[in-house]
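In: fold the following and give me the result.
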Amino acid sequence: MEIDLRALARVQEWYGPHSSTAAEWPVDALMPAKGTTTVSVVLPARDEESTVGDIVSVIRRDLVERVALVDEIIVVDSNSTDATAERAREAGARVVAQDEVLPHLPPLTGKGEALWKGLAASSGDIVVFVDADLRSFAAHYVSGLVGPLLVNSDLHFVKATYERPYIGEDGIVRRGAGGRVTELVARPLLNMFWPELAGIAQPLGGEYAARREVLAQVPFVTEYGVEFGLLVDLLQLVGLDAMAQVDLGHRAHTHQPVSALGRMAGQIMLTAWSRLERQGRVLASEPPAQSLLQFGLEGRADLVDVAVAERPPLASLVLEEDVV
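Out: Have a look, this model is predicted:
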């Protein structure tokens, strides 16, 4: 089997000039470059009362009050059953209920739906997405992602990279063992079908920033395929040279059980399949199945739905003056 040396050379050519660390983008140095550019931070949140308030508090203290890098903080409450909305509001975020954004549209579920609704509810020229379950958050998560976009007008999308440790139920920290779906599903798919993206170290990470005008031109998968779909669609829209990544250090968050990871994997595979079809790279006599039979303890079997829906590019909709 031959290695695609041309693809490898393209990744190597891209990697150096388009990879940096958060330390290279200190907040104070970014303020002159900000000018009149506005920045929104959007956190999709479902039952994250234990972490969302701390994240919002850090952003408000360090990036709104100490320096005015961030113009708005929006938490999209994705039908939480706990005090997520209250904690976020107390910390200083504007909280919007997922189903109350663009309420004339039939409601959908999933992380991608919350992100798309957050994009619709926000107003910044640059939009930063941050997961609400982070236990390692610091202000450089935002400033590091915003920095390249403020300084380089040729960049349109910046993805976070980091070490992802795995903390087991025994409390032992296993360095580099996080991101299991990334290593088992997403990375092989990207290397096989979109090798230009092989240099993206954390393709499924939930922290990234982009220019609003670009995000509004691509669809959002409503479930956990959203990050994979955005990478592939933005590659086609803006090209690899308009994409970059920034190392934020390490990322600690709540880990999902294996059964949930299996459902995520199925959603990502369906997302990849839809992109291959759309790009005319696969032909099938019938669509792939959208269900997954999982086996638990003592042979118990559960049939779960892994179908993914899509919201269209936001720019294709005629938005009301006030969406919430």
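In: pLDDT score assigned to Pro257?
Out: Pro257 carries a pLDDT value of 82.
In: neighbours around it, how many?
Out: 7 (other C-beta atoms under 10 Å). In short, each C-beta sits where N, CA and C put it, glycine included.
In: how about it, phi and psi?
Out: phi -70, psi 160 (degrees, to the nearest 10).
In: from Arg187, how far off is it?
Out: Distance of Pro257 to Arg187, given as C-beta to C-beta, to the nearest Å: 21 Å.
In: nearest spatial neighbour of Phe137, skipping sequence neighbours?
Out: Ile55 (4.8 Å; C-beta to C-beta, 6 or more residues apart in numbering).
In: which non-adjacent residue is nearest the most centrally placed residue in the chain?
Out: Central residue of the chain (C-alpha atoms, centre = their mean): Gly206, 3.5 Å from the mean position. Spatially, and ignoring its direct neighbours in sequence, Gly206 is nearest to Asp131 (3.6 Å; C-beta to C-beta, 6+ apart).
In: per-residue confidence at that neighbour?
Out: Note on Asp131: pLDDT of 96.
In: which SS class is it?
Out: coil (DSSP: H, G, I helix; E, B strand; the rest coil).
In: report the contact partners of it.
Out: 43-44, 206-207, 253 (C-beta atoms under 8 Å, 6 or more residues apart in numbering).
In: which ones among those residues map onto strands?
Out: 43-44 (DSSP state E).
In: of the contacts of Asp131, buried ones?
Out: Buried members of the contacts of Asp131, counted by 16 or more other C-beta atoms under 10 Å: 43-44, 206-207, 253.
In: which of those lies closest to Leu230?
Out: Comparing those against Leu230 with C-beta to C-beta places Gly206 closest, at 11.1 Å.
In: mind checking the SS state of Ser20?
Out: Under three-state DSSP, the three-state class of Ser20 is strand.
In: contacts only, for the residue lying closest to it once chain neighbours are set aside.
Out: Distance criterion C-beta to C-beta, 6+ apart; nearest residue to Ser20, sequence neighbours excluded, is Val246 at 5.3 Å. By C-beta under 8 Å, 6+ apart, the contact set of Val246 is 19-22, 25, 144-145, 147-148, 158-161.
In: cool, and Arg251?
Out: Applying C-beta under 8 Å, 6+ apart, the residues near Arg251 are 134, 136, 160, 162-164, 178, 205, 207.
In: which one in those residues is the model shakiest on?
Out: Pick the lowest pLDDT in the contacts of Arg251 and you get Gly178, at 53.
In: thinking again about what came up before, the host helix or strand of the residue nearest to Ser20: partners in the sheet, and parallel or antiparallel?
Out: For Val246, the element it lies in under DSSP states H and E is strand 243-250. Strand 243-250 has the following sheet partners, assigned by DSSP bridges: strand 19-21 (parallel), strand 157-163 (parallel).
In: pick the most deeply packed of those strands.
Out: Greatest average neighbour count among the strands paired with strand 243-250 goes to strand 157-163 (a mean of 23), per mean count of other C-beta atoms under 10 Å.
In: neighbouring contacts of it?
Out: Against strand 157-163 from outside (C-beta under 8 Å, 6+ apart): 19, 141, 144-146, 148-149, 175-176, 200-203, 205, 207-211, 214, 231, 234, 238, 242-251.
In: go again with 6 Å.
Out: Identification of contacts with strand 157-163 by C-beta atoms under 6 Å, 6 or more residues apart in numbering yields 145, 148-149, 200-202, 205, 207-210, 234, 243-251.
In: of those, buried ones?
Out: Among the contacts of strand 157-163, those classed as buried by 16+ other C-beta under 10 Å are 145, 148-149, 200-202, 205, 207-210, 234, 243-249, 251.
In: now do the strands in the stretch 1-150 of the chain.
Out: 19-21, 39-45, 72-77, 94-97, 126-129 (DSSP state E, counting those that start in this stretch).
In: now render these as TSV, adding distance to Ala301.
Out: As requested, the strands of the stretch 1-150 of the chain are exported to TSV (distance: least, C-beta to C-beta, whole Å):
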stretch	distance to Ala301
strand 19-21	44
strand 39-45	31
strand 72-77	34
strand 94-97	36
strand 126-129	35
